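Student: please work out how this folds:
(one chain, ligands or ions: 1)
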Amino acid sequence: MKIWIDGRFLEKSDAKVSVFDHGLLYGDGVFEGIRAYGGRVFQLKEHVKRLYDSAKAVLLEIPFPAEEMTRVICEAVRVNELRDAYIRVVVTRGTGDLGLDMRKCKVPTVIVIADKIQLYPKEVYERGLRVIVSHLRRIAPDTLSPSIKSLNYLNNILARAEASRADCDEALLLNREGMVAECSGDNIFYIRDLKVFTPPVHVGILEGITRNVAMRLAKEKLGLEMHEQVFSVPELYRADEVFVTGTGAEIIGVVLLNGRVIGDGKPGPLTTSLIRAFREYTKTAEAGAAVYEAVKV
Ligand code: PXG
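Tutor: Numbers count the residues shown, from 1 in each chain. Sure thing, here's the model as predicted:
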């Protein structure tokens with residue numbers, strides 16, 4: 001596997017960062033997780049845009065323009081001869097000294113990893129996700145905005161660990177007001193009476209790219225009403241269907257929440273239709289940049 005780091009492709013064993021990199025020392029940096037389906041990088045423009053927005057928000061200047069990042073991401077897929085892939089783009093503050101001062105970090109470290117995708121096992125899509133509500137609150141927008149995809153993921157990781165220890169797959173986090181925010185690595189939706197609901201961005205969530213696609217497909221392909229609305233946990237208990245969206249998960253039905261069975265305990269019919277619509281969409285030209293076709297032109 002070849003990894004792009006600071007301007008060149010290196011073998012995995014040679015692709016290394018300094019122990020003085022502030023990404024390691026402080027989680028000072030931003031990242032994106034992106035999928036490729038059949039040689040198409042899914043929602044590439046949207047992911048690159050979010051990366052540059054995240055970087056800007058933390059005063060991190062990526063040392064080349066978005067167009068070049070787009071090219072590097074496609075090249076990383078091609079060099080590794082991947083079609084279905086998981087791509088991780090990481091931009092750290094770079095190497096500095098042991099202090100917090102970002103001015104000591106002169107050059108950001110930029111890493112693009114394109115690897116084989118490890119899908120959730122098929123049975124997870126079939127049996128559905130078991131979720132707990134975490135005791136941890138989602139980090140507040142006035143502390144570190146969850147809309148910034150930063151390298152500080154301990155809030156999410158500790159919530160996920162809580163889920164694992166409770167023999168569940170995912171953890172749902174509430175905001176400081178106790179309203180539903182998002183899961184450790186996914187956005188959350190519910191369906192009731194043919195209407196679809198998801199928390200608005202101001203609740204304090206990552207504006208998921210899969211979330212935005214799912215919202216569009218629910219409206220356009222399934223003909224459902226879509227509402228971005230603030231809600232609390234009991235509304236999920238009485239929902240017809242609950243599902244999560246994310247680059248890793250794509251779309252997965254939730255069947256158990258804090259010990260309450262959702263719907264009839266299986267992924268719901270509309271969720272299943274939405275998963276089908278999503279899979280179809282990933283194959284379309286509109287869904288993302290075709291990295292192998294790009295070579296020919
Ligand atoms: N909320 C949070 C906190 C996330 O980290 C999402 C929502 C969904 O966003 P996208 O844009 O991916 O639809 C995420 C992203 C994994 C994995 O391995 C998950 C994410 C990122 C990277 C890896 O499960 N979730």
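Student: distance check, Arg93 against Glu61.
Tutor: The span separating Arg93 from Glu61 equals 10 Å under the rule Cβ to Cβ, to the nearest Å. From N, CA and C alone the C-beta is placed, and that goes for glycine too.
Student: so the two - more neighbours on which side?
Tutor: Neighbours of Arg93 and Glu61, each counted by other Cβ atoms under 10 Å, are more numerous for Arg93; the result is 25 against 11.
Student: which residue ranges of the stretch 151-297 of the chain form strands?
Tutor: Using DSSP state E, counting those that start in this stretch, the strands assigned to the stretch 151-297 of the chain run over residues 170-174, 180-183, 187-192, 195-198, 225-228, 241-246, 250-257, 260-261, 288-290.
Student: what strands flank the shortest one, and is each parallel or antiparallel?
Tutor: This points to strand 260-261. Using DSSP bridges, the strands paired with strand 260-261 in its sheet are strand 250-257 (antiparallel).
Student: again, but for the third one
Tutor: Strand 187-192 has the following sheet partners, assigned by DSSP bridges: strand 195-198 (antiparallel), strand 241-246 (antiparallel).
Student: contacts for the shortest one next, please.
Tutor: With Cβ atoms under 8 Å, 6 or more residues apart in numbering as the test, strand 195-198 has contacts from 187-191, 211, 215, 218, 224-229, 231, 235.
Student: go with 6 Å
Tutor: Applying Cβ atoms under 6 Å, 6 or more residues apart in numbering, the set of residues contacting strand 195-198 from outside is Phe189, Tyr190, Ala218, Leu224, Glu225, Met226, His227, Glu228, Gln229.
Student: how close does the first one get to Ile251?
Tutor: Think Phe189. Going from Phe189 to Ile251 by Cβ to Cβ gives 9 Å.
Student: overlap of the contact sets of the two?
Tutor: Common neighbours of Phe189 and Ile251 are listed as Phe243 (criterion: Cβ under 6 Å, 6+ apart).
Student: coming back round to it: I'd like the contacts of strand 195-198 as TSV, with distance to Arg130, neighbour count and pLDDT appended.
Tutor: Compiled in TSV, the contacts of strand 195-198 are given as follows (distance: Cβ to Cβ, whole Å; neighbours: other Cβ atoms under 10 Å; pLDDT from 0 to 100):
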residue	distance to Arg130	neighbour count	pLDDT
Phe189	17	25	99
Tyr190	16	25	98
Ala218	23	25	98
Leu224	25	18	98
Glu225	28	12	98
Met226	26	18	98
His227	26	12	98
Glu228	26	14	98
Gln229	25	14	98
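Student: from those, which is closest to Tyr86?
Tutor: Nearest to Tyr86 among the contacts of strand 195-198: Phe189, at 22.7 Å, using Cβ to Cβ.
Student: using TSV, please lay out the contacts of strand 195-198 together with distance to the ligand.
Tutor: Supplementary listing: the contacts of strand 195-198 in TSV, determined by distance: Cβ to the nearest ligand atom, whole Å:
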residue	distance to the ligand
Phe189	12
Tyr190	16
Ala218	14
Leu224	19
Glu225	22
Met226	16
His227	19
Glu228	15
Gln229	18
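Student: burial count for the residue of the stretch 151-297 of the chain found nearest the ligand?
Tutor: Nearest to the ligand, among the residues of the stretch 151-297 of the chain, is Gly248, at 2.7 Å (Cβ to the nearest ligand atom). By the other Cβ under 10 Å criterion, the neighbourhood of Gly248 contains 16 residues.
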